[in-house]
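>>> sequence and predicted model, in that order:
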Amino acid sequence: MTTETTPITTVAPIRVSASAATRLLLAQVAGDLVSAALAVVVVSSLGGELTAYHAGPLALGWVVVQAPRARRSPLDGRVEQEIRVIRGATVAALACFVAAAVLQLPAAPLLGFIAVATVCSLLARSIPLGAATSVQTLVLGEPQEAAAVAAGLAQSTGGSLVAAAVCTPAELPEILRSTAIDLVLAVPGPGLSDRALQRVGWHLEGEGIPLAVGTRLADVAATRARLARIGALNVLHLAPARRRGFANELKAVWERSAAAALLLVLAPLLIAIVIAIRLDSPGPAIFRQRRVGLGGDQFTMLKFRTMHVDAEQRLAELREQCDEMLFKLRDDPRITRCGRLLRRYSLDELPQLVNVVRGDMALVGPRPALPEEVAAYDEDPRHRLVVKPGLTGLWQVSGRSDLSWDETVRLDLDYVDNWSIGRDLAILFRTVGAVLGHRGAY
């Protein structure tokens with residue numbers, strides 16, 4: 001008989017000590033209150049009509065609307081937390097529209113409050129809360145596989161889950177007696193059958209410790225997974241990735257509209273950069289290069305020129321110095337003085353807003369690849385071509401050129417299969433921090 005188990009994507013709430021849970025709750029409420037207070041101050045200082053009469057209800061309302069989404073699940077990554085804040089902000093914006101219409105209030109300061117409060121709450125969610133709120137996790141399974149999962153657990157969960165021990169089912173009772181454990185994470189394998197897993201569940205029921213079971217599915221968002229039962233077999237039903245439909249059309253419309261608006265707003269900066277490039281070194285200000293887009297179709301990608309005009313001729317002698325699949329040198333001698341500054345703050349990518357308006361690229365998506373790179377792809381990286389390449393993406397906000405090729409592919413595949421409008425907005429928000437921090441930009 002197949003036993004019924006709970007996959008990691010639908011595990012029950014994690015048991016955290018009362019003091020840790022209290023500190024977590026207070027930190028979240030305090031962060032939302034501070035975010036609301038800062039939003040009131042900023043909007044009022046800019047001339048918004050927010051009086052003391054408005055400040056109290058707005059601050060309280062912001063905490064309330066974020067409350068169902070504020071609780072941090074240790075099984076959620078940073079992007080999932082940011083999506084929850086954005087969803088709460090959407091609810092708040094709709095409420096403000098209704099309030100403005102019914103109470104005849106000016107809508108602009110209310111929406112300004114939501115915009116500032118959203119940014120502040122997103123920043124607050126990105127602050128690690130320390131070991132006091134980390135879930136002490138026991139990784140259960142075959143020694144080698146369990147150790148591999150435990151090694152990257154804290155990093156992959158942002159510190160929410162910390163591997164306190166690794167053991168086999170036979171060692172479980174002794175470990176539970178000697179170590180404080182909040183969660184048991186089981187890694188299925190030859191030594192952990194369905195019956196053995198059922199016995200583990202029985203034992204943990206008596207201890208009051210929740211059990212999560214790894215599904216061996218790589219980078220599948222919880223929103224796509226649903227536990228189902230087919231006869232006597234428990235299965236995890238996976239919804240297909242979003243490739244068509246209203247959400248895709250909405251993404252295309254809002255991204256192209258946003259790119260056009262940004263081109264208008266940034267026009268003075270773009271003109272200044274063109275002049276600086278022409279004064280710094282001879283050659284055109286715009287660099288054109290063939291890249292591979294949706295479905296393998298090629299297009300001309302635009303960038304500000306950051307190298308000397310003979311850069312392509314000098315490429316062969318430099319390529320052997322680094323990974324051929326991701327050719328990046330920290331001290332590339334072909335880069336101009338102005339180019340180093342542009343690359344440091346990713347300003348060289350701004351002309352790709354034109355590619356977004358044309359429809360060749362998206363604001364958010366995988367890294368656009370060179371034709372020779374695509375020619376060397378195997379099956380996994382080729383899957384990135386099912387969506388448009390992006391001006392920014394998970395690769396850009398997670399370290400860019402500091403990442404290995406395998407990690408780059410994993411991040412892009414994660415985005416391709418699990419994208420959503422909320423996730424795009426979260427990535428765009430993180431792009432600002434990545435650009436200012438210029439990690440991996442060279």
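Thanks, I have it. Numbers count the residues shown, from 1 in each chain.
>>> could I get the contacting residues of residue 32?
Residues in contact with residue 32, defined by C-beta atoms under 8 Å, 6 or more residues apart in numbering, are 62, 63, 66, 70, 121, 124. In short, each C-beta sits where N, CA and C put it, glycine included.
>>> what of residue 190?
residue 142.
>>> want to throw the contacts of residue 32 into CSV with neighbour count and secondary structure?
Below are these laid out as CSV (neighbours: other C-beta atoms under 10 Å; DSSP: H, G, I helix; E, B strand; the rest coil):
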residue, neighbour count, secondary structure
62, 26, helix
63, 19, helix
66, 27, helix
70, 22, helix
121, 30, helix
124, 17, helix
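>>> let me see the domain layout of the chain.
18-125, 134-238, 246-437 (automatic domain parsing).
>>> now tabulate those in JSON lines and tack on mean pLDDT.
Shown next, in JSON lines, are the domains of the chain (pLDDT from 0 to 100):
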{"stretch": "domain 18-125", "mean pLDDT": "77"}
{"stretch": "domain 134-238", "mean pLDDT": "82"}
{"stretch": "domain 246-437", "mean pLDDT": "85"}
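>>> now the closest residue in space to residue 346 that isn't next to it in sequence, what's its secondary structure?
Using C-beta to C-beta, 6 or more residues apart in numbering and skipping residues adjacent in sequence, the residue nearest residue 346 is residue 435, 5.0 Å away. Counting by DSSP: H, G, I helix; E, B strand; the rest coil, the backbone at residue 435 sits in helix.
>>> got it, and residue 105?
Residue 105 - assigned by three-state DSSP - is coil.
>>> number of nearby residues for it?
Per other C-beta atoms under 10 Å, the neighbour tally for residue 105 reads 14.
>>> before we move on, the earlier item: pretty sure the residue nearest to residue 346 contacts residue 342?
No: counting by C-beta atoms under 8 Å, residue 342 is not a contact partner of residue 435; they are 11.6 Å apart.
>>> give me the more crowded residue out of these two.
Taking other C-beta under 10 Å, residue 435 and residue 342 do not tie; residue 342 has more neighbours (23 against 18).
>>> which residues touch that one?
273, 277, 304, 306, 348.
>>> for those residues, which two are the farthest from each other?
273 and 306 (10.5 Å; C-beta to C-beta).
>>> which of the two has more residues huddled nearby?
Comparing residue 273 with residue 306 by neighbour count (other C-beta under 10 Å), the higher total belongs to residue 306, at 23 against 20.
>>> element containing the spatially closest residue to that one that is not a sequence neighbour, please.
Residue nearest to residue 306 in three dimensions, not counting chain neighbours: residue 339, with 2.9 Å by C-beta to C-beta, 6+ apart. Using DSSP states H and E, residue 339 sits in helix 337-344.
>>> and that helix, how far out from the chain middle?
26 Å (C-alpha atoms, centre = their mean, to the nearest Å).
>>> of all the residues in it, which ones are buried?
338, 339, 341, 342, 343 (16 or more other C-beta atoms under 10 Å).
>>> just stretch 343-361 next, same as before
Buried residues in stretch 343-361, defined by neighbour count with 16+ other C-beta under 10 Å: 343, 346-357, 360-361.
>>> closest to residue 198 out of those residues?
Closest approach between the buried residues of stretch 343-361 and residue 198, by C-beta to C-beta: residue 361, at 50.0 Å.
>>> got the phi and psi for that closest one?
Main-chain dihedrals, residue 361, degrees, to the nearest 10: phi -130, psi 170.
>>> show me what contacts it?
Neighbour list for residue 361: 293, 299, 301, 352, 355, 368, 388, 389, 390, 391 [criterion: C-beta under 8 Å, 6+ apart].
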